[in-house]
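Q: Predicted model and sequence below, questions to follow.
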There are 2 protein chains.
Amino acid sequence: MTDTESRLHNSNFLRACRREPVDHTPIWIMRQAGRYMKEYRDLREKVSFLEMCKNPELAAEVTLMPIEPIGVDAAILFADILLIVEPTGVGLTFAKGEGPSLSNPVRSGDDVKRLREVEPAESLNYVFEAARLVRQGLPGDIPLIGFCGAPFTVASYMIEGGGSRDYLHTKTLMYRDPGAWHALMELLSRGLVKYLNGQIAAGAQAVQLFDSWVGCLSPDDYREFVLPHSRSVIQGVTPGTPVIHFGTGTATLLEMVCEAGGDVIGLDWRIQLDEGWKRVGYDRGVQGNLEPLVLLAEPDEIRRRAKIVLDRAGGRNGHIFNLGHGIMRQTPVEHARALVDAVHEFSAR
Amino acid sequence: MTDTESRLHNSNFLRACRREPVDHTPIWIMRQAGRYMKEYRDLREKVSFLEMCKNPELAAEVTLMPIEPIGVDAAILFADILLIVEPTGVGLTFAKGEGPSLSNPVRSGDDVKRLREVEPAESLNYVFEAARLVRQGLPGDIPLIGFCGAPFTVASYMIEGGGSRDYLHTKTLMYRDPGAWHALMELLSRGLVKYLNGQIAAGAQAVQLFDSWVGCLSPDDYREFVLPHSRSVIQGVTPGTPVIHFGTGTATLLEMVCEAGGDVIGLDWRIQLDEGWKRVGYDRGVQGNLEPLVLLAEPDEIRRRAKIVLDRAGGRNGHIFNLGHGIMRQTPVEHARALVDAVHEFSAR
């Protein structure tokens, strides 16, 4: 191991991933490079979201943007979980101020058959290039987190054509054509494994699987339609790279989320961290779990709430502090900084 | 007790509410009078949603509409959980094909102070009149369920001005001005108690509290900001009337939902019925909990899934079958009927 590698390896974030002792509880914030930062908004005035994702220099710049001002312990690559749908042949656009919109949504077995296999080395090389640039620009003790959407969450966007409240088309495909469903999930899983490993090869020290919308499922459906595919992605990750397995609304799925895999399991704000960790088991780390909207409260209240989460973690090795979901764009940037400072202060060993 | 009262009292639905033995597991379907029925859509071509709610004859007609064709064991009054916001001074409209839109949303302590006390005997008498007409039109063994939105869910609409994905304004008010929050919840709770009791006086045999969106909250926030108010509504209900306490995404809140009260606790599809009932405790009934989208699958699959739910209830007294949330408008009406028939067939004692 070179000196550089050793500094990274011994960073608080990566030690927490391995459940080793830390100087303080590491913290990063989901969507930490985002619209709550003025610098980000200024850049977005000039460049569209997708252009930012696809321009490695800009993506690297945005990835680095929050590190020093917010004081987080890890960087996460600036990208979108839906970039992977384009190489399959599904169109992707982001209208101004709106969520993603996908053309040619996948609604049938024939639609699934028309999808192309994802070869990220060709079609998503711009993400790997961004990771290389980020790694060059990051302080030597700040790890880079790569990520992807989990197969379910990506599939739900491909099927619905965008965000959804009820996942009607997704569940209809599951229930009416399970063969097509599994074929879609397998195609995505194969692509996602290559995509994550490409990010690792390009400089990511850990990866996170975002199964943001999986909480819409019943436990039976998770087991049958999701678990095997999330597991195959996680099992395909380059050995030695910590995997964070994240979802929201997973209170009744937690044991199965663990079964699918992950060194660190994400806990949203709906479950108390101590209860969640007990169910996850202490042989894994946990990440979370402050309610993101608490960052709109006064700094005193933010500190009080951060302390409650830390108290519930009880100083146990393996806790990575984070919000339960992405930071809201309405968050004052100094509130994000106040949270990071509070976590570092209260958890200093 | 008159003969009529006795027939109602001994209906399968009300016996299940009291955890007494039944001939078969009773079933009704949330939003059973709704757009999945052609007769309903035909009527809605001519009359707006709010007009239907406010015209007692039409509301009664729609309430009765599904009883015979779908074969459910209870009627639920046709109304909307947001009717109660109008008497407070908040405007309510439903644009075609859209959700509710509320004018003058409540965002501050001053906004809360401006709200008017709700006197349902005056402002919501049309609902009571509809209940009286329904009671006259219903078969003698079919109970009528009255309902209201729980204080949290109603408040969240009043604050957001409509539906929400993140409840940003709601949580901001909670965290930044708890005094205003509690004042709003108390005002709503006082109005809701009178509103439910007015429905009971007019002919409802049971009532359901819809806390549809409460699953967005952390357990700490539920305890501090919601539980006392839901409890005060439930405690105010006319004694002897069974209360069903419903929410979605409540897997981590269930014990507190019970603490707030209810003879029957709603379980959405995210929790297995047997696990949910164990946590609720067998001294209460449970209602649920089929995934609503299963009704878009083939009838054989609907029957298979219904049987799983019934098997998990294990023939215990106190189970009311229902979907985990409202029926989707895309549901073929014969699928709803197939579900009711399957539940009656599989659960016949």
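A: Nice, I can see it.
Q: In space, what's closest to residue A:306 - neighbours in sequence excluded?
A: Distances taken as CB to CB, 6 or more residues apart in numbering or on different chains put residue A:342 closest to residue A:306, at 4.5 Å, once the chain neighbours are dropped. C-beta coordinates here come from the backbone N, C-alpha and C atoms, glycine included.
Q: That neighbour: what's it in contact with?
A: A:302, A:303, A:306, A:307 (CB atoms under 8 Å, 6 or more residues apart in numbering or on different chains).
Q: neighbouring contacts of the helix or strand where the third one lies?
A: Under the assignment given by DSSP states H and E, the secondary-structure element containing residue A:306 is helix A:299-313. The list of residues contacting helix A:299-313 from outside it, by CB under 8 Å, 6+ apart, reads A:25, A:272-274, A:277, A:286, A:288-291, A:294-295, A:297, A:319, A:321, A:334-335, A:338-339, A:342-343, A:346-347, B:175, B:220.
Q: interface residues of chain A facing chain B?
A: A:165-168, A:171-172, A:175-176, A:215-221, A:249, A:251-252, A:269-272, A:275, A:291-294, A:296-298, A:301, A:308, A:328, A:330 (CB under 8 Å from any CB of the partner chain).
Q: Now with 7 Å, please.
A: A:166, A:168, A:171-172, A:175-176, A:218-219, A:249, A:251-252, A:269-272, A:291, A:293-294, A:296-297, A:301, A:328, A:330 (CB under 7 Å from any CB of the partner chain).
Q: chain center to the strand or helix carrying residue A:209: distance?
A: In this assignment (DSSP H and E), residue A:209 forms part of strand A:206-211. Averaging C-alpha positions (CA atoms, centre = their mean, to the nearest Å) puts strand A:206-211 4 Å from its chain's average.
Q: same question for that strand, mean pLDDT?
A: In this model, strand A:206-211 has a mean pLDDT of 98.
Q: And the next helix or strand past it?
A: helix A:219-221.
Q: the strands in the stretch 151-300 of chain A, which residues?
A: Along the stretch 151-300 of chain A, counting by DSSP state E, counting those that start in this stretch, strands occupy A:206-211, A:243-247, A:264-266, A:285-290.
Q: Now tabulate those in JSON lines and tack on mean neighbour count and distance to residue A:182.
A: Shown next, in JSON lines, are the strands of the stretch 151-300 of chain A (neighbours: other CB atoms under 10 Å in any protein chain shown; distance: least, CB to CB, whole Å):
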{"stretch": "strand A:206-211", "mean neighbour count": "26", "distance to residue A:182": "17"}
{"stretch": "strand A:243-247", "mean neighbour count": "25", "distance to residue A:182": "20"}
{"stretch": "strand A:264-266", "mean neighbour count": "27", "distance to residue A:182": "24"}
{"stretch": "strand A:285-290", "mean neighbour count": "26", "distance to residue A:182": "29"}
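Q: right, and those - which one's nearest residue B:195?
A: Using CB to CB as the measure, strand A:285-290 is the one of the strands of the stretch 151-300 of chain A that comes nearest residue B:195, at 36.3 Å.
Q: Count the residues that sit near residue A:141.
A: Residue A:141 sits with 15 neighbouring residues when counted by other CB atoms under 10 Å in any protein chain shown.
Q: Ramachandran angles for it?
A: Backbone torsions for residue A:141, taken as degrees, to the nearest 10, come to phi -110, psi 10.
Q: Please list all residues in contact with residue A:9.
A: residue A:1 (CB atoms under 7 Å, 6 or more residues apart in numbering or on different chains).
Q: what about it, distance to chain B?
A: 35 Å (CB to the nearest CB, to the nearest Å).
Q: Need the phi and psi values for that residue.
A: phi -60, psi -30.
Q: Now do it, the pLDDT please.
A: 95.
Q: again with the one 4 residues further on
A: Predicted confidence (pLDDT) for residue A:13: 98.
Q: again, but for residue A:1
A: 82.
Q: Could you tell me how many residues sit around it?
A: Residue A:1, neighbours per other CB under 10 Å, totals 9.
Q: Can you list the buried residues in the longest helix along chain A?
A: Secondary structure of chain A per DSSP state H: the longest helix is helix A:178-202. For helix A:178-202, burial by neighbour count (16 or more other CB atoms under 10 Å in any protein chain shown) applies to A:180-182, A:184-185, A:187-200, A:202.
Q: Ok, stretch A:328-338 next?
A: So, applying 16+ other CB under 10 Å, buried residues of stretch A:328-338: A:328, A:331, A:333, A:335, A:336, A:337, A:338.
Q: Mind checking the pLDDT average for it?
A: Here the average pLDDT along stretch A:328-338 is 98.
Q: now do stretch A:135-144
A: On average, stretch A:135-144 scores 96.
Q: that older thread, so which strand or helix has the residue nearest to residue A:306?
A: Residue-wise, residue A:342 maps onto helix A:333-347 under DSSP H and E.
Q: where does that helix sit relative to the chain's centre, distance-wise?
A: Using CA atoms, centre = their mean, the offset of helix A:333-347 from its chain centre is 21 Å.
Q: cool, and stretch A:277-294?
A: 14 Å.
Q: avg pLDDT for it?
A: 98.
Q: Return it as PDB; C-alpha atoms alone will do.
A: Provided in PDB are the C-alpha atoms of stretch A:277-294 (Å, rounded to 0.1, in the frame of the first residue of the first chain):
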ATOM      1  CA  TRP A 277     -29.100  -1.400  14.100                       C
ATOM      2  CA  LYS A 278     -30.300  -4.100  16.500                       C
ATOM      3  CA  ARG A 279     -32.300  -5.600  13.700                       C
ATOM      4  CA  VAL A 280     -29.600  -5.200  11.100                       C
ATOM      5  CA  GLY A 281     -27.200  -6.900  13.500                       C
ATOM      6  CA  TYR A 282     -23.900  -5.500  14.900                       C
ATOM      7  CA  ASP A 283     -21.900  -7.400  12.300                       C
ATOM      8  CA  ARG A 284     -22.800  -4.700   9.800                       C
ATOM      9  CA  GLY A 285     -22.500  -0.900  10.000                       C
ATOM     10  CA  VAL A 286     -25.400   1.500   9.700                       C
ATOM     11  CA  GLN A 287     -25.700   4.800   7.900                       C
ATOM     12  CA  GLY A 288     -28.200   7.500   8.900                       C
ATOM     13  CA  ASN A 289     -30.500   8.600  10.100                       C
ATOM     14  CA  LEU A 290     -31.500  12.200  10.700                       C
ATOM     15  CA  GLU A 291     -34.800  13.400   9.300                       C
ATOM     16  CA  PRO A 292     -33.700  15.700   6.400                       C
ATOM     17  CA  LEU A 293     -36.200  18.400   7.200                       C
ATOM     18  CA  VAL A 294     -34.600  18.900  10.600                       C
END
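Q: Good, wrapping up.
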